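J.: Quick one: sequence plus predicted model below, questions after.
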Amino acid sequence: MTEYTEEEKKIFLDATNRRKAAGIRLKRIALMADASQVEGFNILYDSWVERWGKRRALDELIRIMSIVEARLRDRDNAPKKIPR
């Protein structure tokens with residue numbers, strides 16, 4: 001188990017108190033993936049976190065996944081072209 005310094009513990013406690021004050025409840029997401037997929041995801045996601053911060057990076061991920069899902073559904077539900 002990792003031991004945290006008193007300064008690190010205070011940082012975590014302050015963040016927890018800010019979330020509580022803002023009414024934010026955190027949940028965990030877990031994905032099963034190959035090592036290379038995890039590495040690729042982390043590289044991309046880390047760059048988004050650097051660019052936008054953690055909250056917006058996750059918002060953007062969900063937004064983009066929603067757009068892709070909508071396009072796939074449109075494609076799947078589109079009338080099939082009749083070969084001539």
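T.: Cool, got the structure.
J.: hey, let's count contacts and neighbours off CA atoms from now on
T.: Will do.
J.: Now for the protein, the helix or strand with the poorest mean pLDDT.
T.: The weakest-scoring helix or strand in the chain, judged by mean pLDDT, DSSP states H and E, is helix 6-22 (a mean of 93).
J.: Distance from the chain centre to that helix, please.
T.: Centroid separation for helix 6-22 versus its chain: 21 Å, with C-alpha atoms, centre = their mean, to the nearest Å.
J.: Kindly report the same for stretch 3-16.
T.: On C-alpha atoms, centre = their mean, the centre of stretch 3-16 falls 23 Å from that of its chain.
J.: re the thing from before, in the least confident helix or strand of the chain, which of the residues would be classed as buried?
T.: Buried residues in helix 6-22, counted by 16 or more other C-alpha atoms under 10 Å: none are found.
J.: I'd like the next helix or strand past that helix.
T.: helix 35-52 (DSSP states H and E).
J.: So which elements touch the lengthiest helix in the chain?
T.: If you go by DSSP state H, the chain has its longest helix at helix 54-77. In this structure, helix 54-77 packs against helix 35-52, with contacts taken as 3 or more C-alpha pairs under 8 Å, 6 or more residues apart in numbering; DSSP states H and E.
J.: how about the helix it packs on: buried residues?
T.: 45, 48.
J.: who touches the residue nearest in space to the middle of the chain in this structure?
T.: The chain has residue 58 as the residue nearest its centroid, 3.7 Å off, counting by C-alpha atoms, centre = their mean. Residue 58 makes no contacts at all, as judged by C-alpha atoms under 8 Å, 6 or more residues apart in numbering.
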